[in-house]
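Asker: got a predicted model here, sequence first, then my questions.
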Amino acid sequence: MRIVITADLHYRPAHRRRYLAFAERIAGQRPDCLILAGDLGHPLRLFRRALELFEPLSCLKLLVTGNHDLYCSEHDSRTLWESVLPAVIQDAGFLWLEEETVQLGDLGVCGTMGWYDYSTSEPTLALPDAAYPLLKTLVNHDADYIDWPWSDRAMARYLARSFERRLADLEANPSIRRILVVTHMPIFDEAIPSHPECERLSLLRAYMGNLALGEMVRSSAKVTHVVSGHLHRSGRYCIAGAYREIDHRVIGVCDGLPETVILSFD
C-alpha cells in the first residue's frame, strides 16, 4: 500500500501549470491513498481549485485543513470551519480526517489540524501565556484573518479532545495493528526550529505546534508514523514513544511547491 502525503500548496492561479505538473507527478506515483495536510488555498475559490487538481486520481483521498484555509473572506472563519469547508471537501471526493478515521487493512489513519496552544513557546522569552494572544499580531497573520470567537487555547483543547476520541477508537480496534497520524501543525518539539538569538523568530515559535497532542501520540501503543506540515521546512525525526519509536516527517516547501512524503505499508 502506497500513501502519498503533501501539504502547504497555497494554491496560486498564476502558477497553475506548475500545480498541474505537481498533481501529475503525484498521480505517477500510483498512490493507493492521497492525504493533504492543510494550507491548500485561500480564499475559498482557491481552496476548491487546489482540490480540483487531484480530481483525476481514483484513489482514496483524505485531508486535514490548515490555518490559512480558515482565513476569512466571503465567509467568516467560524462558518468556514463549521459548514462551508466540510461541504466543499465532501463535494470534491475527499474525507475530512477532523470528523472520521480510516482503516486500510491493518493500518488506521487519524488526523487533525492541531491548533497551537503556545506549548512550543521559546523558553528564553519567559513570557506568560496571557501575552501570546496580544503579541500574535506582530508575527502571525492568523491574528488578522482568523475571526472565529474562540481563543487559540480553547480551539486547541477542542481539537485535542476530538482527536483523542478518534485515536482511542483506533487503539481499541483489534484489527488495527498500526496507526498513521497526520496533522497540519507539528506536535513534537524536536521538529520545531529554535532561534533564541532572534526575538521575532522566538516569538513566532509559540504559534507553530501543539505539544499536548504530541504527548498523547507518544503514549499510543499503535502509532508508528506521524506526518505534519505548516513549517515549510522538511525534516525527519525519530521520536521516542512509550511503546516504540515513531517515524515523524515534516513536509517542506521547495521553490514554491510542496514536497511529498511517500509511505509504503505491507
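Answerer: Cool, got the structure.
Asker: show the contacting residues for the nearest residue to residue 175 once chain neighbours are set aside.
Answerer: Nearest residue to residue 175 in three dimensions, chain neighbours excluded: residue 106, at 6.4 Å (C-beta to C-beta, 6 or more residues apart in numbering). (Each C-beta comes from the backbone N, C-alpha and C, glycine too.) Residue 106 makes contact with 175-178, according to C-beta atoms under 8 Å, 6 or more residues apart in numbering.
Asker: kindly recompute the last result at 10 Å.
Answerer: 173-179, 222, 265-266 (C-beta atoms under 10 Å, 6 or more residues apart in numbering).
Asker: go on, residue 55?
Answerer: Taking C-beta under 10 Å, 6+ apart as the test, what residue 55 contacts is 23, 61, 92-93.
Asker: one more: residue 158?
Answerer: By C-beta under 10 Å, 6+ apart, the neighbours of residue 158 are 115, 150.
Asker: got the CA positions of the one helix or strand it maps to in CSV?
Answerer: According to DSSP states H and E, residue 158 maps onto helix 152-172. The C-alpha coordinates for helix 152-172 follow below in CSV (Å, rounded to 0.1, in the frame of the first residue of the first chain):
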residue,chain,number,x,y,z
ASP,A,152,-6.2,29.7,20.5
ARG,A,153,-6.0,27.6,23.6
ALA,A,154,-9.8,26.9,23.6
MET,A,155,-9.6,25.8,19.9
ALA,A,156,-6.6,23.6,20.7
ARG,A,157,-8.3,21.9,23.6
TYR,A,158,-11.5,21.3,21.5
LEU,A,159,-9.5,19.7,18.6
ALA,A,160,-7.4,17.7,21.1
ARG,A,161,-10.4,16.2,22.8
SER,A,162,-12.0,15.1,19.5
PHE,A,163,-8.7,13.7,18.2
GLU,A,164,-8.2,11.8,21.4
ARG,A,165,-11.5,10.1,21.0
ARG,A,166,-10.8,9.1,17.4
LEU,A,167,-7.3,7.8,18.3
ALA,A,168,-8.7,5.8,21.2
ASP,A,169,-11.2,4.2,18.9
LEU,A,170,-8.4,3.0,16.6
GLU,A,171,-6.4,1.9,19.6
ALA,A,172,-9.3,-0.2,20.8
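Asker: report the separation between the most centrally placed residue in the chain and residue 232.
Answerer: Of all residues in the chain, the one closest to the mean position by C-alpha atoms, centre = their mean is residue 184, 1.2 Å from it. Between residue 184 and residue 232 the distance is 12 Å, computed by C-beta to C-beta, to the nearest Å.
Asker: kindly report the same for residue 57.
Answerer: According to C-beta to C-beta, residue 57 and residue 232 sit 24 Å apart.
Asker: quick check: neighbours shared by residue 184 and residue 232?
Answerer: Joint contacts of residue 184 and residue 232 (C-beta under 10 Å, 6+ apart) are 7-8, 39, 251.
Asker: isn't residue 111 up against residue 183?
Answerer: Yes - using C-beta atoms under 10 Å, residue 111 is in contact with residue 183, at 6.4 Å.
Asker: what do the two both touch?
Answerer: Joint contacts of residue 111 and residue 183 (C-beta under 10 Å, 6+ apart) are 37-38, 64, 97, 163, 226-228.
Asker: please flag which of the residues you listed sit within strands.
Answerer: 37, 64, 226-228 (DSSP state E).
Asker: just the closest of these to residue 155, please.
Answerer: Among these, residue 64 lies closest to residue 155 (C-beta to C-beta), at 14.0 Å.
Asker: all strands of this structure, in order?
Answerer: 2-6, 33-37, 60-64, 95-96, 102-104, 107-112, 178-183, 223-232, 235-240, 245-254, 257-258, 260-264.
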